[in-house]
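Asks: this is the structure alone, sequence omitted:
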C-alpha cells in the first residue's frame, strides 16, 4: 500500500513539529467580566474585540462532506463604530451542477448587563433574509437586535458542504483585535491535504498529528492564538490582505480501496486538470462555431501581430464582460456567440480560440486578481486563481491580452490583473511567470480660469486619463455614471456644472465641466490672496506613516500626473508675490517632481508634474517618497497675491 504523505508548503514554521498542551474546541463560559469590561486589553481604543473565535473544518466520512463550524463571541465597546459586526452574513455556494452548500444550524444571541445580571436576547431565525451575491452565491443575513455599548454578541453556525477539494481561506489576523482565535481542520488519514500557512504571526499552541476522532484515524491541524492585535494596513499597497497571517488547504491525494489518486501537487498537475475540462481547455481548442464567428477580413490580414490586434478589437467590441471573474467559462463560447455577454473566462478563452483558429500560438494565463491576493509560488494549487487572461507568442515574443475592457490593447491590461505573477498554460507544460506592468499611465488635469473683478473665479476644468488610468475611470463611470460625476464636487468642494464624461477616439477617458466659485480668494487688506492651483493643490503628505514601513510600495503602474492651471488676471491688478518654483529628482531618476509658476502677460500659468518610473518599490524607498511628497505639499500650498494698481 502506498503511504500517503501530508504535504506542507515551505511557509510552515518549525512550531508545527511540537504540540503544546492546550484544549481546542472548548468554548469558555460567558462571564460577568465579559459583560462589564469597558475596554480592550489589547487596544483600549478598539470599538470591537473578539473574545473568542473558532473555525473548525472536518471531513465527515459517513456523508463524504465537509462540515464547517464557526463560533464567534464579540464584545462591542462603541456601537457606532461596530457596523461590520451588527449583522451576520452566511454565504452558501451552489455550483449549478447539482452540488450546493446548506446551513445546518444557526444560533445567535445578544447579551447585555442589566441590573447586575446577564440579559439574553435571542436572534429570531424568522428575521433571516436572503440576498443573491451572484449566480453561484446566496447570502443568509441576520440582524442582531438590542445591541448597545457593552453588549456581547455570540453566534454559532454549521454549514454542510460537498466541496472537499479546496477549503476556504481563513484570515487569522483581522481588523479587530482578538483575545483568542483558533483554527482546526480534521481529515481522515486516507485523504491527504496540503496546508498553506503564510504570514508572520506564530500560534501559541499548535498540533499536527494523527488522532482518533469519531472512531476514525484522523490527521489534525490545530493552531491557537492569544491576544492578536488588529491588523494595521498601509497606504500604497495593492492588497493589505497579502500580508495577513492566513491558512488555507487543498486536497493533495486520496487512498480508497488501495487505489491511490493524486490531485494537484505541481503547476503541471493544474495544467493537466484543466486541459480537457469542459469549462476550460475544451473551450479554446479549435472548434467550428468559433471559426465561423471570425470576420473574414481578419483571416485576410497578413502578419500575425496585426491579426492578433484585429481579433482583440473584434472580441472586446462584440462581446461584453458581465463583470464576473473566474477562469472557468460561465456559459461557454457557443452561448457567448449567441448572447454576446460572458464572464472573464468566456471572453478571454474566446480570444484565445479565435487566435488559435488563425494559427497564432495563443495560451491562457491563470492569475489571481489584486482583490483576490497574491499567488503563493511555493504552494501549487488551483484555488490560488480566480481569473484568466490571454497570451500570444509571435516572433518569439510574448504579448498579453484582456478583452474584458473595451479600451484594452496589446500589453495594456486593466489594473486588476497586474498582481506579480501568473500561471502560463501551454499545450505541453505549465510555467509560473512574472507579470510586471511597465506601461506608464498618464493623468492630465487642466484648468482655464478667469479672475473676476468681484473676487470670484470661473472657468472650465478637464480631467483626462490615459493607459491603465483610463480603463479604471471608464469602469467606474460605467458602474455608476451619476456617482462618478458627483465625485468631482466631493473631492474638490466645487460646484461643477455641465459635467460630460466619456471615451475619446484615442481610447482615453476625459471629463469636462465648468465652475464658478466665490470662496477661492481671501482678502487681506488691499490684497487678494489665492492658491494658483485653485482646487487642484495637494495640501497634505500622503506618505505620512510614522511607524517603520513594512510592505512593498505598490502603484500597479508607472505613472506621470500633470496639473496645469492658467488664470487670466483682470486689468488694473499687479501680481505682488509669486510662488517659488521647485524641482526635485532622486539620484536614480526613479521619482521626480516639478512645480513651475510663470507670468505670461495677463496670465498666471502654474504646472505641477510628478513622475514615478516603476510600478512598485521595496519598502526602503519609503523615506524618498515621504521627502518628495512633502516637497509636493509644501510647493502646492504656496499662494499668490494681487493688488490694484
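Replies: In hand now; what should we look at? All values derive from a computational prediction rather than experimental measurement.
Asks: within the sheet, what are the partner strands of the helix or strand of the chain with the lowest mean pLDDT, with directions?
Replies: Ranking every helix and strand in the chain by mean pLDDT, DSSP states H and E puts strand 129-132 at the bottom, with a mean of 82. Here strand 129-132 has these sheet partners by DSSP bridges: strand 137-143 (antiparallel).
Asks: after the partner strand, which helix or strand is next? Please name it.
Replies: Where DSSP states H and E defines the elements, the next helix or strand beyond strand 137-143 is strand 152-161.
Asks: residues in contact with the next helix or strand after that following strand?
Replies: Later in the chain than strand 152-161, the nearest helix or strand by DSSP H and E is strand 166-171. With C-beta atoms under 8 Å, 6 or more residues apart in numbering as the test, strand 166-171 has contacts from 55, 57, 66, 68, 183, 185, 193, 241, 244-251, 381-383. For the C-beta atoms, the positions are set from N, CA and C on the backbone; glycine is no exception.
Asks: check stretch 471-484 too.
Replies: 405-408, 412, 414-415, 465, 501-503, 509, 511.
Asks: ok, stretch 226-237 next?
Replies: With contact meaning C-beta under 8 Å, 6+ apart, stretch 226-237 is reached by 41-43, 46, 172-181, 201, 204, 240, 243-244, 542-543, 545, 547, 549-555, 625.
Asks: in strands, which of these appear?
Replies: Here DSSP state E is the test, and the contacts of stretch 226-237 give 178-181, 553-554 as lying in strands.
Asks: want to throw these into TSV with pLDDT and distance to residue 282?
Replies: TSV is the format used below for the ones in strands among the contacts of stretch 226-237 (pLDDT from 0 to 100; distance: C-beta to C-beta, whole Å):
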residue	pLDDT	distance to residue 282
178	98	45
179	98	51
180	98	48
181	98	43
553	97	42
554	97	36
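Asks: hmm, back to that, among the contacts of stretch 471-484, which ones are buried?
Replies: Using 16 or more other C-beta atoms under 10 Å as the burial test, these include 405-408, 412, 414-415, 465, 501, 509, 511 as buried.
Asks: ok, the residues you listed vs residue 33, which is closest?
Replies: Checking the buried ones among the contacts of stretch 471-484 against residue 33 with C-beta to C-beta, the nearest one is residue 415 at 47.7 Å.
Asks: end-to-end on stretch 110-130?
Replies: Counting by C-alpha to C-alpha, to the nearest Å, you get 21 Å between the two ends of stretch 110-130.
Asks: list the buried residues for it?
Replies: Across stretch 110-130, burial judged by 16+ other C-beta under 10 Å covers 110-113, 121, 123.
Asks: what does stretch 600-615 give?
Replies: Buried, per 16+ other C-beta under 10 Å, within stretch 600-615: 604, 606-615.
Asks: strands - which of the residues you listed land there?
Replies: 604, 606-612.
Asks: what two of those are the furthest from one another?
Replies: Distance extremes for these: the farthest pair is 604 and 612 at 27.5 Å, using C-beta to C-beta.
Asks: circling back to that earlier point, let's have the contacts of stretch 471-484 in a markdown table, adding secondary structure and pLDDT.
Replies: Putting the contacts of stretch 471-484 into a markdown table (DSSP: H, G, I helix; E, B strand; the rest coil; pLDDT from 0 to 100) gives the following:
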| residue | secondary structure | pLDDT |
| --- | --- | --- |
| 405 | coil | 94 |
| 406 | coil | 92 |
| 407 | coil | 93 |
| 408 | coil | 94 |
| 412 | strand | 95 |
| 414 | coil | 95 |
| 415 | helix | 95 |
| 465 | strand | 97 |
| 501 | strand | 95 |
| 502 | strand | 94 |
| 503 | strand | 93 |
| 509 | strand | 96 |
| 511 | strand | 97 |
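Asks: turn these into TSV, including distance to residue 446.
Replies: TSV is the format used below for the contacts of stretch 471-484 (distance: C-beta to C-beta, whole Å):
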residue	distance to residue 446
405	25
406	25
407	21
408	26
412	23
414	25
415	24
465	12
501	15
502	17
503	18
509	15
511	11
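Asks: nearest to residue 582, of those residues?
Replies: Looking across the contacts of stretch 471-484 and measuring by C-beta to C-beta, the closest to residue 582 is residue 465, at 25.5 Å.
Asks: would residue 535 count as being in a helix?
Replies: Yes - Residue 535 forms part of a helix when assessed by DSSP: H, G, I helix; E, B strand; the rest coil.
Asks: isn't it right next to residue 496, touching?
Replies: No - look at residue 535 against residue 496 with C-beta atoms under 8 Å: they stay out of range, at 9.9 Å.
Asks: tell me the pLDDT at the residue positioned nearest the centre of the chain?
Replies: Centroid-nearest residue in the chain: residue 371, 2.0 Å away (criterion: C-alpha atoms, centre = their mean). Note on residue 371: pLDDT of 95.
Asks: also residue 18?
Replies: Note on residue 18: pLDDT of 46.
Asks: in ChimeraX, how would I select just the buried ones from the contacts of stretch 226-237?
Replies: Buried residues within these, by 16+ other C-beta under 10 Å, are selected in ChimeraX with:
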select :42,46,172,173,174,176,177,178,179,180,181,201,240,243,244,543,545,549,551,552,553,554,555,625
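Asks: right, and residue 418 touches residue 615 too?
Replies: Yes - using C-beta under 8 Å, residue 418 is in contact with residue 615, at 6.9 Å.
Asks: spell out which residues are contacts of both of those two.
Replies: Residues touching both residue 418 and residue 615 (C-beta under 8 Å, 6+ apart): 436-437, 556-557.
Asks: show the buried residues in these.
Replies: If you count burial by 16+ other C-beta under 10 Å, the buried members of the shared contacts of residue 418 and residue 615 come out as 437, 556-557.
Asks: closest to residue 268 out of those?
Replies: Closest approach to residue 268 among those (C-beta to C-beta): residue 437, at 27.0 Å.
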